[in-house]
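Peer 1: here is the input, now give the coordinates:
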Amino acid sequence: MRWRYNLERSQATALWLFTVAAFVVAMVAVGGATRLTGSGLSITEWKPLHGVIPPLSAAAWAAEFAKYQQIPQYQFVNRGMSLAEFKPLFWWEWGHRLLGRLVGLVFFVPFVVLLVLRQIPRRLIGRCVVIFALGLMQGVVGWWMVASGLSHRISVAPERLATHLGLAFLILSACVWTGLEAWAGRNRSHHAPAGPALVQGSIGLVVLGFGQVLLGALVAGNQAGRVYTDWPLMNGRVIPADYALKGQGLWSILAHNAAAVQFNHRLMGYLLFASVLAFFVAIARSTAAGGAKRLALWLAGAVTMQALIGVLTVRMAAPLGLALIHQLGAAGLLTLAIATAWRIRRV
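Peer 2: Below you'll find the model as predicted:
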């Protein structure tokens with residue numbers, strides 16, 4: 001296949017960015033499995049370069065296990081665990097970190113090659129540099145998250161988990177939007193034919209979707225999905241009785257109260273679901289191009305499936321498989337929201 005290049009658009013650049021986006025989604029999935037299996041604290045050091053080599057001898061495994069035995073998670077949750085039981089935890093976290101390094105290579109090497117060949121549209125070079133910087137920041141944030149669970153906690157801090165996941169979804173969104181820009185070229189239109197209300201509405205859906213991801217991360221960080229398993233009520237009430245416990249400050253309620261974070265996640269889910277359906281009805285009645293209407297239809301279907309999976313995940317106390325599907329559904333939903341917002345701004 002022969003690629004077409006010019007100063008405005010590059011299919012190769014677009015496919016590279018879409019490939020990076022796919023790797024980020026894989027990273028999110030592996031990260032979710034790492035968290036759900038309780039593996040995220042199994043490696044207690046951050047070695048960006050040397051950490052790529054796993055333990056290769058019995059002595060190295062014993063040393064790694066000894067480090068894990070010093071942290072609160074082992075002492076209060078996994079005391080008595082054998083080395084054989086520790087190894088699967090280690091491999092999940094090692095695989096997650098290795099995939100993170102691989103994502104960096106998948107981004108950086110083609111970026112340098114395309115840049116040298118002058119095949120990246122000039123207006124997108126700065127955006128790609130920003131995406132790379134966000135990727136470097138993600139590594140630092142990942143360790144900052146892990147460090148929160150090594151001394152005084154048996155798991156990572158929920159707000160740091162939300163930061164880590166939120167940054168991953170920000171990188172995903174940036175790759176998708178920039179890839180679409182590279183594929184289609186510069187938008188020559190000075191106004192959106194669908195009208196400003198639909199443009200603003202589509203951006204609003206992206207904001208709601210991103211906010212829902214952050215709330216979902218707080219639910220995961222507090223393991224709230226395994227505490228309140230009835231629906232549509234929570235412990236038989238519309239508003240859970242322990243939404244705000246005596247003595248809790250506002251931050252503690254919003255970030256560390258299992259009842260509050262799940263209730264907030266549910267409310268945002270209802271708002272997102274209703275907003276997507278209302279947006280679909282509005283765009284179906286508008287003069288927007290057919291491509292935008294098709295994306296809005298897919299978005300409505302995706303949010304419906306995500307809502308159903310979310311309810312099922314709650315009712316079944318967040319089993320590993322369903323929880324991962326729900327997390328991947330969030331990635332797909334946000335990607336569709338990004339694509340819809342991008343498409344509706346163009347002729």
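Peer 1: and residue 309, what element?
Peer 2: In this assignment (DSSP states H and E), residue 309 forms part of helix 290-315.
Peer 1: now that helix: average pLDDT?
Peer 2: Mean pLDDT, computed over helix 290-315, is 93.
Peer 1: other SSEs contacting that helix?
Peer 2: On a contact count with 3 or more C-beta pairs under 8 Å, 6 or more residues apart in numbering; DSSP states H and E, helix 290-315 meets helix 258-284, helix 320-344. C-betas here are computed from N, CA, C, even on glycine.
Peer 1: change it to 10 Å
Peer 2: helix 196-221, helix 258-284, helix 320-344 (3 or more C-beta pairs under 10 Å, 6 or more residues apart in numbering; DSSP states H and E).
Peer 1: what separation do you get for residue 255 and residue 145?
Peer 2: Per C-beta to C-beta, to the nearest Å, residue 255 is found 14 Å from residue 145.
Peer 1: same question, residue 107
Peer 2: With C-beta to C-beta as the criterion, residue 107 and residue 145 are 21 Å apart.
Peer 1: just to check, residue 154 is in contact with residue 76?
Peer 2: Yes. Using C-beta atoms under 10 Å, residue 154 makes contact with residue 76 at a distance of 5.3 Å.
Peer 1: the more surrounded of the two?
Peer 2: Between residue 154 and residue 76, counting by other C-beta atoms under 10 Å, residue 154 is the more crowded of the two (15 against 10).
Peer 1: ok, and the closest non-adjacent residue to residue 136?
Peer 2: residue 104 (7.8 Å; C-beta to C-beta, 6 or more residues apart in numbering).
Peer 1: burial count for that neighbour?
Peer 2: By other C-beta under 10 Å, 18 other residues sit near residue 104.
Peer 1: wouldn't it be in contact with residue 139 here?
Peer 2: Yes. Contact between residue 104 and residue 139 holds when scored by C-beta under 10 Å: they sit 7.8 Å apart.
Peer 1: between those two, which contacts overlap?
Peer 2: Common neighbours of residue 104 and residue 139, counting by C-beta atoms under 10 Å, 6 or more residues apart in numbering, are residue 48.
Peer 1: what score does residue 48 have for pLDDT?
Peer 2: The predicted local confidence for residue 48 is 82.
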